[in-house]
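> sequence and computational prediction follow.
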Amino acid sequence: MKTVISDWLLFRLLFQPNAVFEELSEIRPEPHSVFFKYVIWLAMAPPLFAYIGASNFGWRIGAATPLHIPSESLVIVSIVYFFALLVGFVSTAVVAKSIAATYGARHSLGIHFALVTIIAAPLAVGSSIHLYPDVFINVLVLIPTLIWSMYLLYKGLPVVLKISPERGMLMASALIGVLLVALVSLLGLSVALWGRGIGPSLGV
Amino acid sequence: MEYYRDRVVRFLVICSIVWAVLGMTVGVYVAAELLWPTIDFGQQWLSFGRLRTLHTNGIIFGFGVSALMGTAFYSVQRTSHVTLFAPRLAWFTAVAWQITVLAGGISLLAGWNAAKEYAELEWPFDILITIAWVSFAIVFFGTITRRKIKQIYVSNWFYGGLIIVIAMLHIVNSLAIPVTLSKSYSLFSGAPDAVVQWWYGHNAVGFLLTGGFLGMMYYFLPKHANRPIWSYRLSIVAFWAFTYSYIWAGPHHLHYSSIPEWVQSLAVAMSLILLAPSWATMINGIMTVSGASQKLRTDPALKFIVLSLAFYGLATFEGPMMAIKSVNVVSHYTDWTIGHVHSGALGWNAMITFGTFYFLVPRLVGAELYSVRLANIHFWLALAGTMLYILAMWGAGISQGLLWLGLDEIGELSFSFKDIMASMPPYYALRFVAGLIFLSGTILMAYNLIMTTKGRKTLQVRPPEATT
């Protein structure tokens, strides 16, 4: 089995997702090569866009004046954001690998790294909307992006992991459950940190 | 020779579907009112305050409880191998309940309101509810008493817990002095009133919207998947852990208020403990279904149940998290709470009920589902509607939480309530669209199930002869 992912994989994902799934189903990538070739760069995009957007314009959360965060605080937030994305990526892939056994799917770590990469790719690209830091516009752009990601997950998972579409549906739903919980914990954690004076200044 | 009493089940299922369409339509209408406030046309009965209570009561007591009564009657007969005890009383329960909710709904539109959330109905309706509920209890426990199977199956523990706890909550919280036909005053006042109210409110969520529907899950999921529950022992342990810890969690609705600090802390602790039995149940459900994936090909209903378990996992995680005081300080009084409620109500309660109805209704009349394709479309509409709803409310809630508390350079609050609310329409538009999507799926289901049952008689099924 090949271990090398062909170049332009993510680009082709946009136009020929099925061909990409088929290709991935035939290779056995190494986790570190996926991580250094794709993941690091993709994970760098959202914090970078967010930093540029927030430092130049400030976040608009609806009310008249944009919310400005001091620049040193902004650097810290962006770096934390970057590492949080990496931790989120690795833990999602590890969770996917560990539940794969239940569904009789392929469970090499490398293939799960690759799978999560292609699912997350649209979100990384969509995060360019952080350049325009208006919460509502961001929600408006990221929701269709999220739907595209979910489509890739449901469609791609059974092909890449070589299981029946029915089992793929179950496993994809289980992953959605895990990701929703991860997302809401991230929300809760951020809110708890704001309350402790990290981030925007709140009257708590 | 007696047959299972399934006509009353069919009646309750139909009522539940009617309430689902009606309640969700009202929900979409109040969502539209938050965008276009003038669509109440100056009519008091069309105002947000009155329609919103009709929405919550119609969904919880009309859609939810009718579904629970119907499925309880269906499953208790089959898990006990006997027909319903006091079948006439069962019919009385079903009809009395519908009349109470319908008349109660009209009274809400007329402006009768006991000023307690989810217990808005005034004292005459409280008495009617009590009568119908006690009849429900007599039929259910009467059937259990004459069962021919020694063991009481776990779904019946959950349904039984629902009946007992809701009776207790409803009677205590509704204690009031009537002044006129349409107005009464609660026996409790001040902080104790708030504590009693949220002891009621949160445990209604717990034992009705969680426990009752878990009863539904524990009977219909194994039936669907055609295999026993993954761990029966875990289900029983989870039942008792759930029952013990849930009852204490109510005061987390009253953080930073004038109730004693220790009561708030106790509620936080119990809310966090609650995660364990909730997730034990979720894992039990997921493991049960994971061995039956081949059924997904022919059975669209199973998809709803799989997804409902994912949202159950989300809602039961999010709830304890929002009960933590340092999260609650931002999340409380924002639309995040509304989003949380709907991740449970749409994602868990409605989806598991849809899945159950798609399974149950064809079996009640001995026919195939009218259209599997429509059911599949309904599935994607329900998923899209729920996701969009939750995301819109997360966005709105986090924004509100930040803005309520935002400080300027001299430490004063930066934004007025009016300014903050004026920035909300985009989120409320998203929520309105989400509601429309979800409602259209429900209407598809109603059509599909009507076509399935049309012109068909309820199947007559006998209990098994030989039992152990």
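Yes, it's here.
> run the chain-centre distance for stretch B:156-168.
14 Å (CA atoms, centre = their mean, to the nearest Å).
> which parts of that stretch are buried?
Neighbour counts over stretch B:156-168 (16 or more other CB atoms under 10 Å in any protein chain shown) mark B:156-163, B:165-167 as buried. No exception for glycine: its C-beta is placed from N, CA and C like everyone else's.
> just checking, residue B:442 touches residue B:23?
No: with contact defined as CB atoms under 8 Å, residue B:442 does not count as touching residue B:23 (9.4 Å).
> could you say which helix or strand holds the most centrally placed residue in chain A?
In chain A, the centroid-proximal residue (CA atoms, centre = their mean) is residue A:120; its distance is 3.9 Å. Element membership for residue A:120, per DSSP states H and E: helix A:109-126.
> could you measure from residue B:58 over to chain A?
27 Å (CB to the nearest CB, to the nearest Å).
> ok, that residue - contacts?
B:19, B:22-23, B:26, B:101, B:105 (CB atoms under 8 Å, 6 or more residues apart in numbering or on different chains).
> just flag the most distant two among those residues.
B:26 and B:101 (13.0 Å; CB to CB).
> picking that back up, next one: the helix holding residue A:120 to chain centre, how far?
7 Å.
> what do you get for stretch A:81-99?
With CA atoms, centre = their mean, you get 9 Å for stretch A:81-99.
> please identify the buried residues of it?
Those buried within stretch A:81-99 under the rule 16+ other CB under 10 Å are A:81-82, A:84-85, A:88-90, A:92-93, A:95-97, A:99.
> outside of stretch B:17-27, which residues touch it?
With CB under 8 Å, 6+ apart, stretch B:17-27 has contacts from B:51, B:54-55, B:58-59, B:62-63, B:66, B:101, B:350, B:353, B:357, B:435, B:438-439, B:442-443, B:445-446, B:449.
> keep only those of those that are in helices.
Counting by DSSP state H, these place B:51, B:54-55, B:66, B:101, B:353, B:357, B:435, B:438-439, B:442-443, B:445-446, B:449 in helices.
> may I ask which of the residues you listed has the most neighbours?
In terms of neighbours by other CB atoms under 10 Å in any protein chain shown, the ones in helices among the contacts of stretch B:17-27 top out with residue B:353 at 28 neighbours.
> what pLDDT is listed against that residue?
Residue B:353 is assigned 98 on the pLDDT scale.
> dump the residue contacts of it.
Residue B:353 neighbours (CB under 8 Å, 6+ apart): B:16, B:20, B:63-64, B:67, B:213, B:216.
> could these be laid out in JSON lines, adding pLDDT, distance to residue A:27 and neighbour count?
What follows is these, written out as JSON lines (pLDDT from 0 to 100; distance: CB to CB, whole Å; neighbours: other CB atoms under 10 Å in any protein chain shown):
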{"residue": "B:16", "pLDDT": "98", "distance to residue A:27": "50", "neighbour count": "22"}
{"residue": "B:20", "pLDDT": "98", "distance to residue A:27": "48", "neighbour count": "26"}
{"residue": "B:63", "pLDDT": "98", "distance to residue A:27": "49", "neighbour count": "26"}
{"residue": "B:64", "pLDDT": "98", "distance to residue A:27": "49", "neighbour count": "23"}
{"residue": "B:67", "pLDDT": "98", "distance to residue A:27": "48", "neighbour count": "28"}
{"residue": "B:213", "pLDDT": "97", "distance to residue A:27": "44", "neighbour count": "26"}
{"residue": "B:216", "pLDDT": "97", "distance to residue A:27": "44", "neighbour count": "27"}
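> from those, pick the one nearest residue B:257.
Distances from residue B:257 to those, taken by CB to CB, are shortest for residue B:64, at 28.1 Å.
> can you give the contact residues for the helix holding residue A:120?
With CB under 8 Å, 6+ apart, helix A:109-126 has contacts from A:3, A:5, A:9-10, A:13, A:20, A:24, A:28-31, A:33-35, A:38-39, A:42-43, A:45-46, A:89, A:92-94, A:96-97, A:100, A:141-142, A:145-146, A:148-149, A:152-153, A:156-157, A:160-161.
> beyond the worst-scoring helix or strand of chain A on mean pLDDT, next helix or strand please.
Ranking every helix and strand in chain A by mean pLDDT, DSSP states H and E puts helix A:9-15 at the bottom, with a mean of 78. On the C-terminal side of helix A:9-15, the closest following helix or strand by DSSP H and E is helix A:17-25.
> elements contacting that next one?
helix A:9-15, helix A:109-126, helix A:135-160 (3 or more CB pairs under 8 Å, 6 or more residues apart in numbering or on different chains; DSSP states H and E).
> return the set of buried residues in that helix.
Those would be A:17, A:20-21, A:23-24, for helix A:17-25 by 16+ other CB under 10 Å.
> quick revisit: what separates the residue nearest to the centre of chain A from residue B:205, distance-wise?
34 Å (CB to CB, to the nearest Å).
> close to chain B: what parts of chain A are there?
By CB under 8 Å from any CB of the partner chain, the part of chain A that sits against chain B consists of A:61-65, A:67, A:102-103, A:135-136, A:139-140, A:143, A:146-147, A:164, A:166-167, A:169-170, A:173-174, A:176-177, A:180-181, A:184-185, A:187-188, A:191-192, A:194-196, A:200-204.
> can you select the buried ones among these for me in ChimeraX?
Command for ChimeraX that selects the buried part of these, burial taken from 16+ other CB under 10 Å:
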select /A:61,62,63,67,102,103,135,136,139,143,146,164,166,167,169,170,173,174,176,177,180,181,184,187,188,191,192,194,195,200,201,202
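> which ones among the residues of chain A next to chain B map onto helices?
Going by DSSP H, the helices hold A:135-136, A:139-140, A:143, A:146-147, A:166-167, A:169-170, A:173-174, A:176-177, A:180-181, A:184-185, A:187-188, A:191-192, A:194-195 from the residues of chain A next to chain B.
> report how many residues lie close to the residue nearest to residue A:134 when sequence neighbours are not counted.
Spatial nearest neighbour of residue A:134, chain neighbours left out: residue A:60 (4.3 Å); criterion: CB to CB, 6 or more residues apart in numbering or on different chains. By other CB under 10 Å, the residues close to residue A:60 number 19.
> one more: residue B:283?
Other residues close to residue B:283 by other CB under 10 Å number 16.
> I appreciate the help and will end here.
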